[in-house]
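[1] Show me the folded form of this:
(one chain, ligands or ions: 1)
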Amino acid sequence: MLKIGPLSFQSRLLLGTGKYPNFDVQKKAIEESETEILTFAVRRMDIFESSQPNLLEKLDLNRYSLLPNTAGAKTAGEAVRIAKLAKASGLCTMIKVEVIGDFQTLLPDPFETLKACEILLKEGFIVLPYISDDVILAKRLQEMGVHAVMPGASPIGSGMGIVNPLNLSLIIEQASVPVIVDAGIGSPADAALAMEMGADGVLLNTAVSAAKDPVRMAAAMKLAIQAGHLGREAGRIPKKRYAAASSPSEGMSVIE
Ligand SMILES: CC(=O)[C@@H](O)[C@H](O)COP(=O)(O)O
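    Numbers count the residues shown, from 1 in each chain. From the prediction side, this is the model:
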């Protein structure tokens, strides 16, 4: 079970809803993934204009928990405004705080993210900040009371996978709230590795929506996350420098 604040989920895959070739593929991929949490950028939805195309229009929204994100915000103030808009439109219980500090790398601004989280926690939101793999920032946010931390594996949409496994493992080791690896996942192997390292969940979008076959990739990601989590719980063997025979020969007579 993935527990985020008062909410519990069977699936540990959080899926983005953008950049699919069309809404039918989006719907099939989401169903195949068996995700229970969908994320989307509030600024991409014309939430108060029903005549506009809606990114989520094909989906049965009763089946999912929604995790709107504040993408597009450059300051804490903008992020808070977007979060309040999402809440006012009935779109959210949780909010993914995304305050971008640089539009080439799309890396998050740690100072503005911290400020936005402080305000949104006081406003009663379930707060999930998207952060760089910064160990101390993750710690400060936890102390402040966020409900999960979401360190990036690598820049959004880059598909580079986990570029700093050391920092990610340090964040996981000291976590008192769920760690959801968010952004940069490129392949099922990346997602499985995040889970094997002890992450509680993975949020991804591009690796599925831009895959040659998004529906099959959604299935692959689901299985990879399950496998990684199961492997973590089963406990991997330690790595050794030298060989250790798989069939012990001790106590056996040698055939000449
Ligand atoms: C949809 C969403 O929230 C993205 O901003 C997220 O960070 C996913 O990143 P990838 O597209 O790299 O998976």
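
[2] for Val66, what are its contacts?
    Val isn't right for residue 66; it's Leu. Taking C-beta atoms under 8 Å, 6 or more residues apart in numbering, we find Leu66 in contact with 37-40, 91-94. The C-beta positions use only the backbone N, C-alpha and C, and glycine is treated the same way.

[3] Doesn't it lie inside a helix?
    No: under the criterion used here (DSSP: H, G, I helix; E, B strand; the rest coil), Leu66 is strand, not part of a helix.

[4] what sits up against the helix or strand harbouring Ala116?
    If you go by DSSP states H and E, Ala116 is part of helix 110-122. The contact list for helix 110-122, computed with C-beta under 8 Å, 6+ apart, reads 70, 73-76, 79-80, 83, 95, 97, 99, 101, 127, 129-132, 134, 137, 140-141, 144-146.

[5] what's around the nearest residue to Ile37 once chain neighbours are set aside, how many residues?
    Closest residue to Ile37 apart from its sequence neighbours, by C-beta to C-beta, 6 or more residues apart in numbering: Leu14 at 4.4 Å. If you count neighbours by other C-beta atoms under 10 Å, Leu14 ends up with 30.

[6] what's the answer for Ala218, then?
    When neighbours are counted by other C-beta under 10 Å, Ala218 comes out with 27.

[7] ok, now Gly90?
    When counting by other C-beta under 10 Å, one arrives at 9 neighbours for Gly90.

[8] I'd assumed it was in a helix, is it?
    No: counting by three-state DSSP, Gly90 falls outside a helix, being coil.

[9] what separates it from the ligand, distance-wise?
    Using C-beta to the nearest ligand atom, to the nearest Å, Gly90 is found at 20 Å from the ligand.

[10] And the pLDDT for that residue?
    The model reports Gly90 with a pLDDT of 82.

[11] again, but for Ile180
    Confidence at Ile180, expressed as pLDDT, is 98.

[12] contacting residues around it?
    Ile180 neighbours (C-beta under 8 Å, 6+ apart): 14, 128, 148-150, 199-203.

[13] So which of those residues reach the ligand?
    Contacts with the ligand within the contacts of Ile180, counted by C-beta under 6 Å from any ligand atom: Leu203.

[14] Now list the buried members of the contacts of Ile180.
    Buried by 16 or more other C-beta atoms under 10 Å: 14, 128, 148-150, 199-203, out of the contacts of Ile180.

[15] Show me these that map onto strands.
    14, 128, 150, 201-203 (DSSP state E).

[16] measure the residue nearest to Ile37 to Leu66 for me?
    11 Å (C-beta to C-beta, to the nearest Å).

[17] before we move on, the earlier item: taking the contacts of helix 110-122 one by one, which sit in helices?
    76, 79-80, 83, 137, 140-141, 144 (DSSP state H).

[18] what comes up buried for stretch 171-191?
    Buried-residue list, stretch 171-191, by 16+ other C-beta under 10 Å: 171-172, 175, 177-188, 190-191.
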